[in-house]
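Chemist: Take this sequence and fold it.
(chains A, B, C and D)
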Number of protein chains: 4
Amino acid sequence: MKVIADICIIPIGTSVSLSPYVAACERILEDAGLKTALHANGTNVEGEWETVFAALKKCHETVHAMGAPRISTVMHLGTRTDRPQTMEDKIASVRNKMG
Amino acid sequence: MKVIADICIIPIGTSVSLSPYVAACERILEDAGLKTALHANGTNVEGEWETVFAALKKCHETVHAMGAPRISTVMHLGTRTDRPQTMEDKIASVRNKMG
Amino acid sequence: MKVIADICIIPIGTSVSLSPYVAACERILEDAGLKTALHANGTNVEGEWETVFAALKKCHETVHAMGAPRISTVMHLGTRTDRPQTMEDKIASVRNKMG
Amino acid sequence: MKVIADICIIPIGTSVSLSPYVAACERILEDAGLKTALHANGTNVEGEWETVFAALKKCHETVHAMGAPRISTVMHLGTRTDRPQTMEDKIASVRNKMG
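Modeler: Below you'll find the predicted structure:
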């Protein structure tokens, strides 16, 4: 089952700067072979269900190992069975309607 | 790794009533042995990482099989390494502070 | 326009214990006259659009004033025009389908 | 108070194609004078608190007027008081850490 997801990992109980943690997760998601797109409030990923969630688990393990005692992750997760769709398709579909 | 999560599964391209889908997912989460707490905007679950995500996958497969061509799930996901914590602990901790 | 929302306010750059901040927000939401239901991953609220968002703004202002330099809030927000619905209706509707 | 937010508006009880609704909301957010960035799972916006939430309300009103009986919106919402920050700053900060 293919997944398009938006992942936002928030370490809690650390300093106000979260970018070292986010950068580490970016690398994990890329190294997992997922298609990724960093944006201002998270990272979009596209790939197989198992790959996405194995990478997410590695992100949690790594952020804890980097010193965060607590993590709150927010995730949007889309699956569809009617037709294949990529992240680019989703964006193009909206842009087309904007004319 | 233990997880406390909030899962909200939204079928897309179906009728306006989502409760049959949500009820099916509730049963899946309970049958997986997770501690669950249904609320007005989703379901809180507590359990081991693998159990939570295996059940979530089964929810997506089931909701698609029930006829939803597309699913959008929103998930909060908390892990912590400093100390054990249950869903009840989280609620009690806030209530205590409210005096 | 009536809203049923789930609000989860996460202070960033503070200590690992978030309950004092969550408790302060709970009081703000209640004092605003909103119907509230605290759960393990946030607070459900029911009320008029303007009331909900005025209270949410007061939550952000208060949590910053309590010392959090940064806040990340996650919110689900439901509106419907086909029929009135309360938070209790939503839960009952799922429970009925579970038989 | 300045806000960086991620908005994902999901019409319920409509057809499987959501892009006409998302496109209408994109135009509303842009016309409100907000800085916007469409991505595969939502739209990032940057602007003043009041502007963001007035535009969000107009999105809900418009999507209902387009025929959606029910809407579920997911929103991340970030505010900070320690220093000014733009959406571009957030992305650059992560990229810098990735080296």
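Chemist: Can you give me the buried ones in stretch A:9-16?
Modeler: Residues A:9-14 are the ones in stretch A:9-16 that count as buried (16 or more other C-beta atoms under 10 Å in any protein chain shown). All C-beta atoms are positioned from the backbone trio N, CA, C, and that covers glycine.
Chemist: Chain A: helices as residue ranges?
Modeler: Assigned by DSSP state H, the helices in chain A fall at A:19-31, A:49-65, A:87-98.
Chemist: could those helices go into CSV alongside distance to C:A23?
Modeler: Output for the helices of chain A, formatted as CSV (distance: least, C-beta to C-beta, whole Å):
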stretch, distance to C:A23
helix A:19-31, 27
helix A:49-65, 26
helix A:87-98, 39
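Chemist: Could you check those and tell me which one is nearest chain C?
Modeler: helix A:19-31 (11.1 Å; C-beta to the nearest C-beta).
Chemist: Is chain B within reach of the closest one?
Modeler: No: using C-beta under 8 Å from any C-beta of the partner chain, helix A:19-31 stays clear of chain B, with a minimum separation of 13.1 Å.
Chemist: give me every residue that touches the closest residue to A:R27 other than its chain neighbours.
Modeler: Distances taken as C-beta to C-beta, 6 or more residues apart in numbering or on different chains place D:M98 nearest to A:R27, at 6.5 Å, with adjacent residues excluded. With contacts defined as C-beta atoms under 8 Å, 6 or more residues apart in numbering or on different chains, D:M98 is in contact with A:23, A:26-27.
Chemist: Give me the neighbour count for the nearest residue to A:G47 once chain neighbours are set aside.
Modeler: Of all residues not flanking A:G47 in the chain, A:L34 sits nearest, at 4.2 Å (C-beta to C-beta, 6+ apart). The number of residues packed near A:L34 is 21, by other C-beta atoms under 10 Å in any protein chain shown.
Chemist: tell me the contacts of A:A40?
Modeler: Contacts for A:A40 (C-beta under 8 Å, 6+ apart) come out as D:4, D:6, D:37, D:44, D:46, D:87-88, D:90-91.
Chemist: Name the residues of chain A found near chain D, please.
Modeler: Residues of chain A found near chain D (C-beta under 8 Å from any C-beta) are A:4-6, A:8, A:16-17, A:19-20, A:22-23, A:26-27, A:37-42, A:44, A:46, A:74, A:76, A:78, A:80, A:82, A:87-88, A:90-91, A:93-98.
Chemist: Could you give me the PyMOL selection string for whichever of those are buried?
Modeler: Filtering those down to the buried ones (16+ other C-beta under 10 Å) takes a single PyMOL command:
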select buried, chain A and resi 4+5+6+8+19+20+22+23+26+27+37+38+39+40+41+42+44+46+74+76+78+80+87+90+91+93+94+97
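Chemist: on that earlier part again, the helices of chain A into TSV, with extra columns for distance to C:K57 and mean pLDDT?
Modeler: Output for these, formatted as TSV (distance: least, C-beta to C-beta, whole Å; pLDDT from 0 to 100):
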stretch	distance to C:K57	mean pLDDT
helix A:19-31	27	96
helix A:49-65	30	98
helix A:87-98	29	94
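Chemist: Which among these is found nearest to C:C59?
Modeler: Ranking these by proximity to C:C59 (C-beta to C-beta) places helix A:19-31 first, at 24.6 Å.
Chemist: tell me how far the closest one is from the chain's mean position?
Modeler: 10 Å (C-alpha atoms, centre = their mean, to the nearest Å).
Chemist: you'd agree A:E30 is up against A:T36?
Modeler: Yes: using C-beta atoms under 8 Å, A:E30 is in contact with A:T36, at 5.5 Å.
Chemist: contacting residues for A:D6?
Modeler: With contacts defined as C-beta under 8 Å, 6+ apart, A:D6 is in contact with A:42-45, A:75-76, D:6, D:8, D:39-42.
Chemist: With A:F53 instead?
Modeler: Going by C-beta under 8 Å, 6+ apart, the list of residues near A:F53 reads B:F53.
Chemist: what do you get for A:T62?
Modeler: Counting by C-beta under 8 Å, 6+ apart, A:T62 makes contact with A:24-25, A:28.
Chemist: do the same with A:L34
Modeler: Taking C-beta under 8 Å, 6+ apart, we find A:L34 in contact with A:45-47, A:51-52, A:55.
Chemist: Out of these, grab the one that's most surrounded.
Modeler: For the contacts of A:L34, the largest number of neighbours (other C-beta under 10 Å) sits with A:V45, at 26 neighbours.
Chemist: In the beta-sheet assignment, what are the partners of that one?
Modeler: A:A5, A:T36 (DSSP bridges).
Chemist: what's the answer for A:R70, then?
Modeler: Going by DSSP bridges, A:R70 is paired in beta bridges with A:I12, B:R80.
Chemist: Much appreciated, bye for now.
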